[in-house]
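Enquirer: No letters, just coordinates:
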């Protein structure tokens, strides 16, 4: 299959606990978008914490590296869509207003199941 015709769903469960791991969903999304794929990242479990306003500005995956917020901006500019699980917001004591404005939708479990079945590839981090 040509990546230009692919639908790719990335499931981000990683939070801020291990900064080195939090870049993976964004790096894979950037690569897929660069190949012309239709890419979405859905943030579940601890993932929405990465999209909490101000968090990514102060999160550095490794010493001397750029802030995660710069990678998030680059990913969004590449056309990758972000969704966040509403239940995960509650799990992390967050409200929808806490999220960066670029999150397109709050979703539930049926979204992940439906979009996963429609996707050509599902990656989970």
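Expert: Nice, thanks for sending it over. Since we're looking at a predicted model, the values are computed, not measured.
Enquirer: so what's the residue nearest the centre of the chain closest to, chain neighbours aside?
Expert: Residue closest to the average C-alpha location in the chain (Cα atoms, centre = their mean): residue 41, at 4.0 Å. Distances taken as Cβ to Cβ, 6 or more residues apart in numbering put residue 10 closest to residue 41, at 4.5 Å, once the chain neighbours are dropped. To be clear about C-beta, it is placed using only N, CA and C from the backbone, and glycine gets the same treatment.
Enquirer: before we move on, back to that, please name the strands paired to the strand or helix carrying the residue nearest to the centre of the chain in the sheet, noting orientation.
Expert: Element membership of residue 41, judged by DSSP states H and E, is strand 38-43. Note on strand 38-43: by DSSP bridges, its sheet partners are strand 7-12 (parallel), strand 81-85 (parallel).
Enquirer: Select, out of those, the one closest to residue 114.
Expert: Closest to residue 114 of those is strand 7-12 (Cβ to Cβ; 10.1 Å).
Enquirer: Could you list the buried residues of the closest one?
Expert: 8, 9, 10, 11, 12 (16 or more other Cβ atoms under 10 Å).
Enquirer: Next, find the distance separating the nearest residue to the second one once chain neighbours are set aside from residue 125.
Expert: So that's residue 9. The spatially closest residue to residue 9, leaving aside those adjacent along the chain, is residue 119, at 4.1 Å (Cβ to Cβ, 6+ apart). According to Cβ to Cβ, to the nearest Å, residue 119 and residue 125 sit 15 Å apart.
Enquirer: what about the helices in this structure?
Expert: 24-34, 68-77, 86-91, 109-118 (DSSP state H).
Enquirer: looking at the ones you listed, which is buried most?
Expert: helix 24-34 (a mean of 20; mean count of other Cβ atoms under 10 Å).
Enquirer: Provide the contact partners of it at residue level.
Expert: Residues outside helix 24-34 that contact it (Cβ atoms under 8 Å, 6 or more residues apart in numbering): 3, 6, 8, 10-12, 14, 39, 41, 47, 68, 71-72, 74-75, 78-80, 123, 125.
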